[in-house]
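Enquirer: fold the stuff below for me.
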Amino acid sequence: MNKSELIREIHERMDKKITLKDIDSMVEVMLKVISEKLKLGEEVQLAQFGTFSLPTSVLKSVVDAQNYSLKKKNEQLKKQTSTRI
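Expert: This next block holds a predicted model:
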């Protein structure tokens with residue numbers, strides 16, 4: 001089931017009392033809120049449905065072979081991890 005199918009199903013189950021456009025807006029807001037909370041590292045629990053969370057990864061420092069100094073790869077990895085959603 002994709003988003004459009006979900007919206008149509010909700011519309012039918014609500015006896016068409018809510019417009020497709022309004023349901024689409026509600027679904028968009030719901031998904032946006034869930035995404036924002038996940039980006040903040042929070043867990044989202046929906047009763048009788050499931051729990052959503054992002055995996056945490058171990059960040060490592062990398063040695064630059066040319067000048068043997070430690071690079072701050074952790075900052076790059078954090079940025080990459082937070083922008084994947």
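Enquirer: list the beta-bridge partners for Q45.
Expert: Note on Q45: beta-bridge partners by DSSP bridges are T51.
Enquirer: that one: how many residues sit nearby?
Expert: 10 (other Cβ atoms under 10 Å). For every residue, glycine as well, the C-beta is placed using N, CA and C.
Enquirer: repeat for I7
Expert: By other Cβ under 10 Å, neighbour count at I7 equals 19.
Enquirer: contacting residues for it?
Expert: Counting by Cβ atoms under 8 Å, 6 or more residues apart in numbering, I7 makes contact with 20, 23-24, 27.
Enquirer: name the nearest residue to it, ignoring sequence neighbours.
Expert: Leaving aside its sequence neighbours, I7 sits nearest to I23 (Cβ to Cβ, 6 or more residues apart in numbering; 4.9 Å).
Enquirer: would you mark the buried spots in stretch 40-48?
Expert: Judged by neighbour count (16 or more other Cβ atoms under 10 Å), stretch 40-48 contains no buried residues.
Enquirer: out of the contacts of I7, who's nearest K3?
Expert: Taking Cβ to Cβ as the measure, K3 sits nearest to V27 out of the contacts of I7, at 6.5 Å.
Enquirer: touching the lengthiest helix in the chain from outside, list them.
Expert: Assignment by DSSP state H gives helix 20-39 as the longest helix of the chain. Here helix 20-39 makes contact (Cβ under 8 Å, 6+ apart) with 3, 6-8, 10-11, 14, 43-44, 52-54, 82, 85.
Enquirer: okay, now the unreliable bits of the chain?
Expert: Low-confidence segments of the chain, defined by pLDDT under 70: 57-85.
Enquirer: care to break it down by domain?
Expert: 1-54, 55-85 (automatic domain parsing).
Enquirer: which ones are touching I10?
Expert: For I10, the contact set (Cβ under 8 Å, 6+ apart) comprises 18, 23, 27.
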